[in-house]
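Participant: Build me a structure from this.
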Amino acid sequence: MDDSAARPTDGNSQQQEKLYLRLQSANVFVRNLEKSLQFYLEKLGFEVAFDVITQSGQRWVGVAPPDGTAVLILIEPLPESQEYQLIGRPTQITFVTEDVAAKYAEWQRRGVRFQHTPRLRRIKYSTSTKPAPIHRIAAIVLLLIYAHFSLF
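Facilitator: Numbers count the residues shown, from 1 in each chain. Coordinates of the predicted model:
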């Protein structure tokens, strides 16, 4: 079978490189789905993106920050599953905000208990993938929240 139709031609290769791509979701394994859902909605201000029952009968609830750019899928795994062992471990999920101090204060007012005060890290990245002289690189500085918080 000829797969030439699936390969981009020279004229389309640049267009193919610019196709839209973003992170859709990440799984978060939780001990109590209802309490975790309440935490994300009431404490962090997230919204329900979806609430489904999978073919296996397991309930998955997707929650998203107000801008809806990504979804965290809250899953309560069975106690005997491998995923159950992941509950309470760091997820490596990072939240980004323009004003860390304001978001920290807001979440504290909503009842989020932080294990420590967030540390700020400034990250510079180039908007160009091609090497360029340092004075020509457009740098953007982001403030990231690096803090652990407790659900309960």
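Participant: looking at this protein, which helix or strand is least sure?
Facilitator: One helix or strand of the chain scores below all others by mean pLDDT, DSSP states H and E: strand 139-146, with a mean of 36.
Participant: Please spell out which residues along the biggest helix by length in the chain are buried.
Facilitator: Ordering each helix of the chain by length in residues (DSSP state H) puts helix 100-109 first. Residues of helix 100-109 classed as buried: V100, K103, Y104, W107 (neighbour count, 16 or more other CB atoms under 10 Å). The C-beta positions use only the backbone N, C-alpha and C, and glycine is treated the same way.
Participant: Helix or strand next in line after it, which one?
Facilitator: Where DSSP states H and E defines the elements, the next helix or strand beyond helix 100-109 is strand 113-114.
Participant: Quick check: neighbours of that next one in the sheet, parallel or antiparallel?
Facilitator: For strand 113-114, the paired strands and their directions (DSSP bridges) read strand 149-150 (antiparallel).
Participant: element containing G62?
Facilitator: strand 59-64.
Participant: Can I get that strand in CSV, CA atoms only?
Facilitator: This file holds the C-alpha atoms of strand 59-64, laid out as CSV (Å, rounded to 0.1, in the frame of the first residue of the first chain):
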residue,chain,number,x,y,z
ARG,A,59,-15.9,7.8,37.8
TRP,A,60,-13.5,10.4,36.3
VAL,A,61,-14.1,14.1,37.0
GLY,A,62,-12.2,16.7,35.0
VAL,A,63,-11.5,20.0,36.6
ALA,A,64,-10.0,23.1,34.9
